[in-house]
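# Return atomic coordinates for the entry below.
(chains A and B)
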Protein chains: 2
Amino acid sequence: MIILQRTEDMTQWSREQRARGKRIGFVPTMGFLHPGHLSLVEFAKIQGRCSQTVMSIFVNPTQFGPNEDFEKYPRDFERDRKLAEQAGIDALFYPAADDMYEKFARTFVEVEGMGKVMCGVTRPTHFRGVTTVVNKLLNIVEPHVAVFGQKDAQQFLIIKRMVQDLFMPVEVLMAPIVRENDGLAMSSRNVYLNPNERKDAVCLSQALNIAQAMIAHGETHSTRLTDAMRMHIEKHASARIDYIAIVDTENLLPILQIQKSSLIALAVYIGKTRLIDNIIIS
Amino acid sequence: MIILQRTEDMTQWSREQRARGKRIGFVPTMGFLHPGHLSLVEFAKIQGRCSQTVMSIFVNPTQFGPNEDFEKYPRDFERDRKLAEQAGIDALFYPAADDMYEKFARTFVEVEGMGKVMCGVTRPTHFRGVTTVVNKLLNIVEPHVAVFGQKDAQQFLIIKRMVQDLFMPVEVLMAPIVRENDGLAMSSRNVYLNPNERKDAVCLSQALNIAQAMIAHGETHSTRLTDAMRMHIEKHASARIDYIAIVDTENLLPILQIQKSSLIALAVYIGKTRLIDNIIIS
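So this is what the prediction gives:
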């Protein structure tokens, strides 16, 4: 595995692979890797049919709000490097913030509307930061395929919209959520949870399971589904709901009834840690 | 010359040229071609060292304000087609608005700050429309080089900033202004002028000449330069100044004294037609 820090070196590496007829899969991450990230690499290789894989590790400052956990976000490059190598990554892109955002940089990419709902309500500049950095990364890495996790479903749907609207020459794929044994979706932020919170944290996936079971039994009304989910979560002492949303996957607008492609997503504070989870009904 | 209307056909054409080792130069236009546009083609071939040239003709709706001349903007595809062919264009890209902006499209690219000064004061959404459509076009055409005219200097500097900030894999070049015999900068909007206005319109380039002569004689103060320019323009009955600006080419911020890279730019209404012109002092 080669480690590349300079943006020019990353681009050059990819062009050499392309010139040799290789199909490049790209997995952008903020590091502190867990099995969820590593499953994206596997997904790029198998579903994405990529013979070469690139992973980026970059804790992107512009997607954190002023009172969020940018400074505190867990980082461990040495551990990540080993895990990436074990996962069969070919090139690890590890740029400096000064290179990704040079002194005079002032360009932003925004997908209007879709970044202001759901997670965008409490994090109003988050998705603008995400689309901007992903745009940069895709231009630097020039992959054939980029893989994102369903865990961040809103992020994926916004990025897909951006790629389509701007005619970016890349295919974007969404890989399924990887969960702990008890159902908790894997997240770098799970390390923030104390033992009691860790137990309560399972209420997110349980609530989604409840909704899924209700839908399997014929329930279609969004309010009945969200009421049942809300009731379950509120039984947990450390849980405080940020939002429960049932939306159209195309535009993230709320829907009154489950339809052909619906996203059921929620964000819940467990103590001070904000966790997210979702299911897609199709 | 091949005419391509579908975005996929345009991308495929470029990739075939690239695969054959050709260097592609791209000249984006809104059509109604004049010698200024055609000089960009020449520039792409010579200074850009491009063996293949693409021109796009697309009157981009998002760069026109609600009360601007989008509907009235001059269009003549048959004439443009002939001129492009004569200029030695290899591929003419002529997309439909529905393809460039599909129904659900909602992504915008914005270079913060630089689009709100000078022409951005009276046209607050103009440059956001420009950067968004140029971003799309560059992703569709995948050129090695894109050439823009100095006539729209603010536009060029903003696009250059976008390309640099987003790491877009293209080189952007600026070609000099082409002028009528009396000095009027060529523009598709010059057709709006009646004979009297056409005479007055020369006051823009004359004002810039006055400033240049003063600088050649040692004047460096922006206020003295703008005062002299203003005084000259105000002698013309049909002229009404929108702005006269002396700014740093890096960030378009006003400067009190001429420095190593200064842009002197102005916009003047001649009757109802808004014309622009500029010089760069370096």
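# With just CA atoms, put stretch A:39-54 into CSV.
Taking C-alpha atoms only, stretch A:39-54 is exported to CSV below (Å, rounded to 0.1, in the frame of the first residue of the first chain):
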residue,chain,number,x,y,z
SER,A,39,-16.9,-3.1,4.2
LEU,A,40,-16.9,-0.2,1.8
VAL,A,41,-13.6,-1.3,0.5
GLU,A,42,-14.9,-4.8,-0.1
PHE,A,43,-18.0,-3.3,-1.8
ALA,A,44,-15.8,-1.2,-4.2
LYS,A,45,-13.9,-4.4,-5.1
ILE,A,46,-16.9,-6.7,-5.6
GLN,A,47,-20.0,-4.7,-6.5
GLY,A,48,-17.9,-1.8,-8.0
ARG,A,49,-15.6,-4.3,-9.9
CYS,A,50,-12.5,-2.3,-9.0
SER,A,51,-9.1,-3.7,-9.3
GLN,A,52,-7.4,-0.8,-7.5
THR,A,53,-8.8,0.9,-4.4
VAL,A,54,-8.0,4.3,-2.9
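# check whether it contacts chain B.
No. Stretch A:39-54 stays clear of chain B (CB under 8 Å from any CB of the partner chain), getting no nearer than 14.5 Å. C-betas here are computed from N, CA, C, even on glycine.
# Could I get the buried residue list for that stretch?
In terms of neighbour count (16 or more other CB atoms under 10 Å in any protein chain shown), stretch A:39-54 has its buried residues at A:39, A:40, A:41, A:42, A:43, A:44, A:45, A:48, A:50, A:52, A:53, A:54.
# what does stretch A:179-187 give?
Residues A:179, A:180, A:183, A:184, A:185, A:186, A:187 are the ones in stretch A:179-187 that count as buried (16+ other CB under 10 Å).
# ditto for stretch A:64-78
By neighbour count, and taking 16+ other CB under 10 Å as the criterion, the buried residues in stretch A:64-78 are A:64, A:73.
# Tell me, how many residues neighbour the nearest residue to residue A:167 once chain neighbours are set aside?
The shortest distance from residue A:167 to any residue that is not its chain neighbour, by CB to CB, 6 or more residues apart in numbering or on different chains, is 4.2 Å, and that residue is residue B:139. Here the number of neighbours of residue B:139 (other CB atoms under 10 Å in any protein chain shown) works out to 22.
# ok, now which ones touch residue B:139?
Residue B:139 makes contacts with A:166, A:167, A:168, A:169, as judged by CB atoms under 8 Å, 6 or more residues apart in numbering or on different chains.
# Give the helix, strand or coil label for it.
Here residue B:139 takes the helix state, with states given by DSSP: H, G, I helix; E, B strand; the rest coil.
# where's it relative to residue A:127, distance?
In this structure, residue B:139 and residue A:127 are 20 Å apart, going by CB to CB, to the nearest Å.
# Kindly report the same for residue A:13.
As for residue A:13, its distance to residue A:127 is 29 Å (criterion: CB to CB).
# Please apply the same query to residue A:273.
According to CB to CB, residue A:273 and residue A:127 sit 20 Å apart.
# likewise residue A:241?
Taking CB to CB as the measure, residue A:241 and residue A:127 are separated by 21 Å.
# out of the two, which sits in the busier spot?
Here residue A:241 and residue A:127 are set side by side on neighbour count (other CB under 10 Å), and the busier one is residue A:127, at 25 against 17.
# Could you report the pLDDT at that one?
Looking at residue A:127, its pLDDT is 97.
# Which helix or which strand is home to it?
Counting by DSSP states H and E, the element that carries residue A:127 is helix A:126-141.
# could you check the angle helix B:126-141 makes with that helix?
Compare the direction of helix A:126-141 with that of helix B:126-141 by axes from the mean of the first three to the mean of the last three CA atoms, to 10 degrees and you get 40 degrees.
# Tell me the helix or strand right after helix A:126-141.
Using DSSP H and E, the helix or strand that follows helix A:126-141 towards the C-terminus is strand A:145-149.
# strand partners of that next one, parallel vs antiparallel please.
With DSSP bridges as the criterion, the sheet partners recorded for strand A:145-149 are strand A:24-29 (parallel), strand A:171-175 (parallel).
# Just the CA atoms of it, as CSV, please.
What follows is the C-alpha trace of strand A:145-149 in CSV, where atoms were taken according to Å, rounded to 0.1, in the frame of the first residue of the first chain:
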residue,chain,number,x,y,z
VAL,A,145,-16.4,4.4,-8.6
ALA,A,146,-16.8,6.1,-5.2
VAL,A,147,-18.5,4.1,-2.4
PHE,A,148,-20.3,5.7,0.6
GLY,A,149,-22.1,4.0,3.4
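# and residue A:104, what helix or strand is that in?
Element membership of residue A:104, judged by DSSP H and E, is empty: it is in no helix or strand.
# same check, this time on residue A:92
Using DSSP H and E, residue A:92 maps to strand A:91-93.
# hmm, who's touching that strand?
Under the contact criterion CB under 8 Å, 6+ apart, strand A:91-93 has outside partners A:1-5, A:10, A:13-14, A:52-58, A:81, A:84-85, A:137, A:140-141.
# PyMOL command to pick out the buried ones of those?
The following PyMOL line selects those of these that are buried, judged by 16+ other CB under 10 Å:
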select buried, chain A and resi 4+10+13+14+52+53+54+55+56+57+58+81+84+137+140+141
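# Which ones among the contacts of strand A:91-93 map onto strands?
The strands, defined by DSSP state E, take in A:2, A:3, A:4, A:52, A:53, A:54, A:55, A:56, A:57 from these.
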